[in-house]
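> give the three-dimensional model of this entry:
(one chain, ligands or ions: 1)
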Amino acid sequence: MKLCSKLIHEGKVIIMEDLRDIKQDADTKGIALLVEDNEINAEIATMQIKELGFEVEWVANGARAVERFGETPAGYYSLVIMDIMMPVMDGLEATRIIRRLDKDDAATVPIVAITANAFPEDKEASFENGVTAFITKPYSKRQLHEVINNLLGTGVAEN
Ligand SMILES: [Mg+2]
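Below you'll find the model as predicted:
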């Protein structure tokens, strides 16, 4: 079995196959929606999230995240990783809209905000808009893994 991640770009789904074979019996943790406008950051985050056993789908702005979350069935995504500063629609607005969608998991899907803004009021604004947890850039892989593990109880040991 191979892990795949999908890049959804301008309506096209591009499957990016991870060349590392994973064990057949590895239990996947589900699919994470990664919302990040910077391609390099997205590649790094994709690898880091995959290490926890998730498949990753990447979209490059908040509007695409809302669209993608809205068109998939409830429970399709286990987790959303949301950059805040993005063109077209930022992460706070996207989170606010996702929370109000008429979907069973709209209010409950964990949304982890990633932002360069470390001021307390930014954190507060994130939570007011429906963010579940908050990570400040630059962040370490360990920090990201800890936040995800705490939210989802995925408990993958660090190397
Ligand atoms: Mg950004």
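
> near the ion, which residues of the chain?
Contact residues (CB under 5 Å from the ion) of the chain with the ion: 37, 83, 85-86. For glycine as for every other residue, the C-beta is placed from the backbone atoms N, C-alpha and C.

> any idea of the pLDDT on the residue most central in space within the chain?
Geometric centre of the chain, nearest residue: Ile81, 2.3 Å, by CA atoms, centre = their mean. Note for Ile81: predicted pLDDT of 98.

> just confirm it is within a helix.
No - secondary structure assignment (DSSP: H, G, I helix; E, B strand; the rest coil) places Ile81 in strand, not in a helix.

> what's the end-to-end length of stretch 110-123?
By CA to CA, to the nearest Å, the extent of stretch 110-123 from end to end equals 16 Å.

> how about stretch 101-115?
Its start and end residues considered, stretch 101-115 measures 23 Å (CA to CA).

> can you point out the buried residues in that stretch?
103, 105-106, 109-115 (16 or more other CB atoms under 10 Å).

> want to throw these into CSV with secondary structure and pLDDT?
Formatted as CSV, the buried residues of stretch 101-115 follow (DSSP: H, G, I helix; E, B strand; the rest coil; pLDDT from 0 to 100):
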residue, secondary structure, pLDDT
Lys103, coil, 97
Asp105, coil, 97
Ala106, coil, 98
Val109, coil, 98
Pro110, coil, 97
Ile111, strand, 98
Val112, strand, 97
Ala113, strand, 96
Ile114, strand, 94
Thr115, strand, 89
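
> how about the residues you listed in JSON lines, adding distance to Tyr139?
Formatted as JSON lines, the buried residues of stretch 101-115 follow (distance: CB to CB, whole Å):
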{"residue": "Lys103", "distance to Tyr139": "29"}
{"residue": "Asp105", "distance to Tyr139": "25"}
{"residue": "Ala106", "distance to Tyr139": "26"}
{"residue": "Val109", "distance to Tyr139": "21"}
{"residue": "Pro110", "distance to Tyr139": "16"}
{"residue": "Ile111", "distance to Tyr139": "16"}
{"residue": "Val112", "distance to Tyr139": "10"}
{"residue": "Ala113", "distance to Tyr139": "11"}
{"residue": "Ile114", "distance to Tyr139": "7"}
{"residue": "Thr115", "distance to Tyr139": "10"}
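
> show me where this protein has helices.
39-50, 62-71, 91-100, 120-128, 141-152 (DSSP state H).

> list the contacts for the residue nearest to Phe69 when sequence neighbours are not counted?
What sits nearest to Phe69 in space, not counting adjacent residues and going by CB to CB, 6 or more residues apart in numbering, is Ile98, at 5.2 Å. Neighbour list for Ile98: 65-66, 69-70, 80, 106, 109, 111, 130 [criterion: CB atoms under 8 Å, 6 or more residues apart in numbering].
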